[in-house]
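Engineer: give me a 3D structure for the following:
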Amino acid sequence: MKKKPALDLQKLETAASKLRAMAHPMRIAIIDLLTDNKKLTVTEIYENLNIEQASASHHLNILKNKGILDSKRDGKMIFYSLKIITLTQVIDCINQCVEA
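Structural biologist: Below is the predicted model:
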């Protein structure tokens, strides 16, 4: 029988922190949107999700601060993209749970 590796508490805390940041319907929607579109501006995000710009900026800031999103400035525009592509698997799992 294969022995399970020891749990790394630091890694577990980091994962839990990222999951807490994602645990909001609008943040899940942002991640899902960025899964389909490699990079988007704040304007593109709030228009696609039909929310206020301030709300989009708030959620983007939380996701960026937790290391889930990356941002790159190009002139006056800031483009957001997923920093951790594997998080899309979490979104896929959530979608499957909802459909079940």
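
Engineer: what separation do you get for residue 84 and residue 65?
Structural biologist: From residue 84 over to residue 65 the distance is 14 Å, taken as Cβ to Cβ, to the nearest Å. (C-beta placed from N, C-alpha, C; glycine too.)

Engineer: and these two? Which one has more around it.
Structural biologist: More crowded of residue 84 and residue 65, by other Cβ atoms under 10 Å: residue 84, with 14 against 10.

Engineer: show the contacting residues for the nearest residue to the more buried one once chain neighbours are set aside.
Structural biologist: In space, and not counting its chain neighbours, residue 84 is closest to residue 68: 6.1 Å by Cβ to Cβ, 6 or more residues apart in numbering. Residues counted as contacts of residue 68 (Cβ atoms under 8 Å, 6 or more residues apart in numbering) are 18, 21-22, 31, 82-84, 87.

Engineer: 10 Å - rerun?
Structural biologist: Shown in contact with residue 68 (Cβ atoms under 10 Å, 6 or more residues apart in numbering): 17-19, 21-22, 27, 30-31, 34, 60, 62, 82-84, 87.

Engineer: sitting in helices, which of these do you find?
Structural biologist: Mapping the contacts of residue 68 onto helices (DSSP state H) picks out 17-19, 21-22, 27, 30-31, 34, 60, 62, 87.

Engineer: count of residues packed around residue 82?
Structural biologist: Neighbour count for residue 82, taken as other Cβ under 10 Å: 20.

Engineer: any idea which residue sits dead centre in the chain?
Structural biologist: residue 31 (4.1 Å; Cα atoms, centre = their mean).

Engineer: would you mind measuring from that residue to residue 64?
Structural biologist: 12 Å.

Engineer: try residue 11
Structural biologist: Distance of residue 11 to residue 64, given as Cβ to Cβ: 21 Å.
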